[in-house]
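Participant: Sequence and predicted structure are below.
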Amino acid sequence: MHIAIGIDVSKEKLDLGWLRDPQTNKKKTRVFQNRPERLAELSQWILKNTMAEPKDVLITVEPTGIYHEALIYHLHAQGFNIFMPNPARIKAYMKAEGLVHKTDKSDSIVLARYGIQTSNLQLWTPEAPEIRELKAMMRRLDGLEKDRIREMNRLEASAISACSERVIQSLQDMINVLEAEIKALKKDIDDHIDRDPDLKKNRELLTSIVGIGPVVSRELVYLLAAKPFQSAKQVANYAGVIPQAQQSGKWEGHTRLSKEGPGRLRAKLYMAAIVAKKHNPVIRDQYERLLAAGKNKMQALGAAMRKLVHLSFGVVKNQQEFQPQPL
């Protein structure tokens with residue numbers, strides 16, 4: 001792979017940057033509409049201008065919500081090599097390089113340069129169809145649950161402010177509809193998992209861990225199937241349950257969770273940790289040991305969340321049920 005291209009993605013457009021010569025910074029840029037029907041124009045432009053085979057082209061794309069998905073599936077189908085780095089690493093790279101100006105055009109060139117300078121590239125490959133379907137349903141479930149919370153907050157505010165009965169009834173009706181759809185979608189997700197032997201097996205392994213129930217196992221089955229994690233530490237880092245020290249000069253604060261990644265997953269892991277610290281001997285022993293060592297309850301619970309993530313990764317990777325072995 002010697003052709004380096006970066007694509008900065010937004011809702012309406014795709015800024016493409018071709019780094020023609022990394023030594024002289026010779027480059028060529030082009031803007032395309034971010035529309036499924038216009039993606040063929042983009043891939044044809046690449047082939048025509050670079051005069052290279054798709055297998056010799058590395059395209060670095062920074063994930064942007066859902067707006068990059070049609071693009072990467074199209075490019076992968078055409079045979080291009082796709083690299084999707086963590087946006088935080090791109091930001092750190094730009095800072096390290098002393099790049100001050102930030103435009104969509106310049107970002108595309110930065111992405112191209114970062115791609116060819118990265119060692120041990122982990123190229124993107126599309127999920128299996130059953131994982132992609134699960135991903136879509138989990139994303140929809142997340143949206144419905146957020147809508148329910150918003151409507152419940154509005155209902156509470158309306159009740160406090162003595163709002164009209166008509167408004168209160170409207171809010172209650174909407175909550176009922178949302179709850180019915182959430183229940184139906186959860187059943188469809190569970191049925192989807194049960195129909196796939198691998199997903200079903202992984203869920204059985206996860207629920208063998210005391211503290212991991214239907215809610216958390218649903219999240220972790222998807223996460224461990226959709227993301228190419230190589231270690232339990234990577235999963236914990238993604239979930240935002242890695243300890244983060246706070247220190248400046250002589251001042252030193254409490255260690256807290258990094259809280260990177262999806263908050264909804266952490267919220268569910270928190271509830272699982274509450275259960276596990278009472279009933280899971282491994283988590284309980286760790287929790288009590290940390291309290292005895294002077295850690296506060298929230299720090300001990302954060303460690304319990306992290307331990308649950310490590311145990312979850314272990315049972316799925318080794319395809320063995322959890323065996324309680326108190327420390």
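Facilitator: Yep, that arrived.

Participant: does Thr125 belong to a helix or a strand, and which?
Facilitator: Using DSSP states H and E, Thr125 sits in no helix or strand.

Participant: An error on my part: the question was meant for Ile46.
Facilitator: Counting by DSSP H and E, Ile46 is found in helix 39-50.

Participant: average pLDDT across that helix?
Facilitator: Model confidence over helix 39-50, given as mean pLDDT, is 96.

Participant: how about it: buried residues?
Facilitator: Leu39, Leu42, Ser43, Ile46, Thr50 (16 or more other Cβ atoms under 10 Å). The C-beta positions use only the backbone N, C-alpha and C, and glycine is treated the same way.

Participant: Count the residues that sit near Leu111.
Facilitator: 28 (other Cβ atoms under 10 Å).

Participant: Likewise for the one 5 residues further on?
Facilitator: Neighbour count of Ile116, defined by other Cβ under 10 Å: 18.

Participant: CA atoms only for stretch 120-131, dumped as PDB, please.
Facilitator: Extracted C-alpha coordinates of stretch 120-131, given in PDB (Å, rounded to 0.1, in the frame of the first residue of the first chain):
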ATOM      1  CA  ASN A 120       0.800  -2.200  12.700                       C
ATOM      2  CA  LEU A 121      -2.200  -1.000  10.900                       C
ATOM      3  CA  GLN A 122      -5.500  -2.700  11.900                       C
ATOM      4  CA  LEU A 123      -7.600  -2.500   8.800                       C
ATOM      5  CA  TRP A 124     -11.300  -2.200   9.000                       C
ATOM      6  CA  THR A 125     -13.400  -5.100   7.900                       C
ATOM      7  CA  PRO A 126     -17.200  -5.100   7.900                       C
ATOM      8  CA  GLU A 127     -19.200  -7.000  10.500                       C
ATOM      9  CA  ALA A 128     -21.000 -10.200   9.600                       C
ATOM     10  CA  PRO A 129     -24.600  -9.600   8.600                       C
ATOM     11  CA  GLU A 130     -26.000 -10.900  11.900                       C
ATOM     12  CA  ILE A 131     -23.700  -8.500  13.800                       C
END
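
Participant: in that stretch, what's buried?
Facilitator: Trp124, Ile131.

Participant: Okay, now the unreliable bits of the stretch 101-250 of the chain?
Facilitator: For the stretch 101-250 of the chain, the stretches with pLDDT under 70 are 101, 244-250.

Participant: At which residues are the strands of it located?
Facilitator: Using DSSP state E, counting those that start in this stretch, the strands of the stretch 101-250 of the chain run over 243-244, 247-248.

Participant: re the thing from before, state the next helix or strand along the chain beyond the helix holding Ile46.
Facilitator: strand 57-61.

Participant: other SSEs contacting the host helix or strand of Val315?
Facilitator: Element membership of Val315, judged by DSSP H and E, is helix 297-318. With contacts taken as 3 or more Cβ pairs under 8 Å, 6 or more residues apart in numbering; DSSP states H and E, helix 297-318 sits against helix 197-206, helix 214-226, helix 232-239, strand 243-244, strand 256-257, helix 263-279, helix 281-292.

Participant: can you pull the contacts of Asp194?
Facilitator: Neighbouring residues of Asp194 by Cβ atoms under 8 Å, 6 or more residues apart in numbering: Lys200.

Participant: Quick check: the gap between it and Phe80.
Facilitator: Relative to Phe80, Asp194 is positioned 36 Å away (Cβ to Cβ, to the nearest Å).
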